[in-house]
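Participant: need a structure here:
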Amino acid sequence: MSEVIILMGSKSDIEWSKKIASSCEKFGIKATLRVASAHKTPLKCLEIIKEYENKDVVFITVAGRSNALSGFVDAQTDKPVISCPPYGDKFAGADIFSSIRMPSGVAPMLVLEPENAGLAAAKILALTDSDIKKKVIEYQRKMKEKIQKDDEEING
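Facilitator: Numbers count the residues shown, from 1 in each chain. Take a look at the predicted model:
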């Protein structure tokens, strides 16, 4: 069974992480929330990553400020890693740069919106899961329909 592991750097990221989990559930994907810090508890991070090394999972990392978690997780697994840092207006949003520039050989994907992080995970898992693929196609169809309807409402 396909699963998304949402690994947050601290419990303070729980609301952001719950938004991601909600998005995953729309596609019928189980989302598991875990807490571990790359700076403060790197061994716990490694333990969590190893728990899932023989499973079909996508990791979504949630860490603000200096986002070491996303790069750390990506460097320790061959599973897809999506970085979805909670952003704020402190430091004019400059925290995001820690998620953009990674060392060579480390490539977590960056998706800023929680709903889109769930969609990205669904698309990855849809490569091998036809039920998730059907839900992604239906989601996209509904999004296109909404745009068409909005255009018709504005233009009569």
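Participant: the helices in this structure, which residues?
Facilitator: In the chain, the helices defined using DSSP state H lie at 14-26, 42-51, 68-76, 97-100, 114-125, 130-155.
Participant: what residue lies at the spatial centre of this structure?
Facilitator: When the chain is reduced to its mean C-alpha position, the closest residue under C-alpha atoms, centre = their mean turns out to be residue 60, at 3.5 Å.
Participant: kindly provide the distance from that one to residue 109.
Facilitator: Relative to residue 109, residue 60 is positioned 10 Å away (C-beta to C-beta, to the nearest Å). Placement of C-beta: from N, CA and C, glycine included.
Participant: pull the helix or strand with minimum mean pLDDT from the chain.
Facilitator: Across the helices and strands of the chain, the lowest-confidence element by mean pLDDT, DSSP states H and E is helix 97-100, at a mean of 84.
Participant: dump the residue contacts of residue 116.
Facilitator: Residues near residue 116 by C-beta atoms under 8 Å, 6 or more residues apart in numbering: residue 23.
Participant: now with 10 Å, please.
Facilitator: 20, 23, 82, 84 (C-beta atoms under 10 Å, 6 or more residues apart in numbering).
Participant: ok, what's across the strand from the residue nearest to the centre of the chain?
Facilitator: Beta bridges link residue 60 to residue 6, residue 82, judged by DSSP bridges.
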